[in-house]
Structure formats: C-alpha cells, structure tokens
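>>> Sequence and computational prediction follow.
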Amino acid sequence: MNERTERDQLTARIEDLKEKSERWHKTVSSSFLNEEETAAVSAVFPASDRVIYDGGYPEARKKKVIFRYDPEDDFSDIVCLKAEIDQRFRKIGHRDILGALMHLQIERSSFGDFWIDDDTIYLYTSEDMADFLIDNLIRINQLSVSFERTDDHPSQVFKTRTFQAVIASERLDAVVAGIAHCSRSEAKAMIRQGLVMVNHVVLEEPDELCNNNVTISLRGIGRFEFAGVLRKTKSGRLTAEFRQYM
C-alpha cells in the first residue's frame, strides 16, 4: 500500500468520525495520530472551535483529532500515567518502554507521547486504555514499574543542539545538503526517494524555499529546525543556523 492510499484511507476514517459527531450530536475523538498523520489530517480538517488537536499538552508529538458537536464542550479522553522508577541498578530508555508497550500487543495509536524525566516515566493514553496499562505494564526490561493516574499534564522537554552550516541558498535541496553534509545532487535524490519531510509532510519538490522555524526530518539522519540565515559569506553563500533534536 503506497503512502497516498494510506493517507486517503486515514482521511476517510476521520471523515467518518466527523459524520458520527454530527449524526450522534456528541463529541468524538480519534486514536492517537503520529506527526505525519496529524499533518495530513489537519490539511483536510483544519483546527477550529469544533476541530481540536490534542495530545495531552501543547507541544505533544502524537495527537488526537477531536470533533466537538458543541464548541463549548471541553471534552478530552486523554489520560496521563506516571511511574516512579529506581534506575540505580538498571537503566532504561525510550526504546525499552516502547518494547514493553508493543509486548502487550496493543496498537501504537492507543498511546501518545511517553518519556523519562529524572526517575519518573510519563505516558499519555486514552481513558479506555488507562486501566489496562496500569494492570499490565508492570515490567520494562526487567525493571518493575507501577503506573498510576496523575491529574498533572506535564510537557516533554525536547533537547536540542544548535549548529551552523554553510548553504548555497534557501532552496530546500541546498538546506538538506547542508544538514546532511552531502552534495546538492545527493540531496535531490533523497527528496525524490521520499526521505525528506518538511513540517511532517513528505517533500516533493527540491526547489521549494525554506522558511524560518520549519521542521525538517531526514530519514535515518534526524530532525532539525531551520532557525534562519545569519549572514552571507564573501563567496555569496549563506551561513544558516539550525537546531537538531537529540
């Protein structure tokens, strides 16, 4: 199944939710969408007083689309779970948590963002999944854990490093070449292969211009934010600043 077909099927499912909200006169929500899915859906169903994108906190990477029948309805079925952990003898990371979740044979769309902050795991999920995860997510890579609900909705802090790169222009193929330390022709090949996303949408044309603060994702390399051009070099090239998500 190609990406366009998958995108069309996703849009059809979300359209069905919208129709159910209108038919049932009630607020309904989707499962958690990843960033690419959110970008595709929001292009068809832009945020409004009746269409809300919520992941539990403003900067969430995975979000649900919520169709409000009543614009005053503040409904959300997103729950935050937390678990205090002792990592003195066994360290765990993001991959360990994901592996434990997948071992429960649940869909990725049934949970949102999760991370470790000091010695606490935070995990966003749906109300209808919360009790299941509390009862069954009790070990992560041989480390015993005990999740509980929390009324707080903490935000994940994404670590970044700032760096500079010399680019030929603000065309995206030139920007990708600067980030990936490759030639313009190699950057164009990456774009044509669908390996480059801008604001979570696959880039199709290499000659598009790059705007400040856009997110550029290079498959297999990382996620970057284009902060802007700092100065022009004597040779006419540009020194640009980027932030890389760690």
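Arrived safely.

>>> make it CA atoms for all contacts and neighbour counts henceforth
OK.

>>> center of the protein, which residue is that?
Arg61 (3.0 Å; C-alpha atoms, centre = their mean).

>>> out of everything not next to it in sequence, what's closest to it?
In space, and not counting its chain neighbours, Arg61 is closest to Glu35: 6.0 Å by C-alpha to C-alpha, 6 or more residues apart in numbering.

>>> ok, that neighbour - contacts?
The contact partners of Glu35, by C-alpha atoms under 8 Å, 6 or more residues apart in numbering, come to Arg61, Lys62, Lys63, His200.

>>> Any quick PyMOL command for the buried ones out of those residues?
In PyMOL syntax, the buried subset of these is picked out as below (16 or more other C-alpha atoms under 10 Å):
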select buried, resi 61+62+63+200
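
>>> helix, strand or coil for the residue nearest to the centre of the chain?
Three-state assignment for Arg61 (DSSP: H, G, I helix; E, B strand; the rest coil): coil.

>>> those helices in this structure, which residues are they?
Assigned by DSSP state H, the chain shows helices spanning 3-24, 35-44, 94-103, 127-136, 172-180, 184-192.

>>> rewinding a little: by pLDDT, rank the contacts of Glu35 and give me the bottom one.
Within the contacts of Glu35, His200 has the lowest pLDDT, namely 92.

>>> ok, how many other residues are close to Ile138?
Ile138 has 15 neighbouring residues, counting by other C-alpha atoms under 10 Å.

>>> If we ignore the residues flanking it in sequence, what's nearest it?
Nearest non-adjacent residue to Ile138, counting by C-alpha to C-alpha, 6+ apart: Val145, 4.9 Å away.

>>> how big is the angle separating the lengthiest strand in the chain from helix 172-180?
Longest strand in the chain, counting residues (DSSP state E): strand 222-232. Counting by axes from the mean of the first three to the mean of the last three C-alpha atoms, to 10 degrees, strand 222-232 lies at 110 degrees to helix 172-180.

>>> mind showing which ranges of this structure have poor pLDDT?
The model of the chain has pLDDT under 70 over residues 1-4.

>>> repeat that with 90
For the chain, the stretches flagged by pLDDT under 90 are 1-8, 71-76, 87-90, 118, 158, 204-206, 246.
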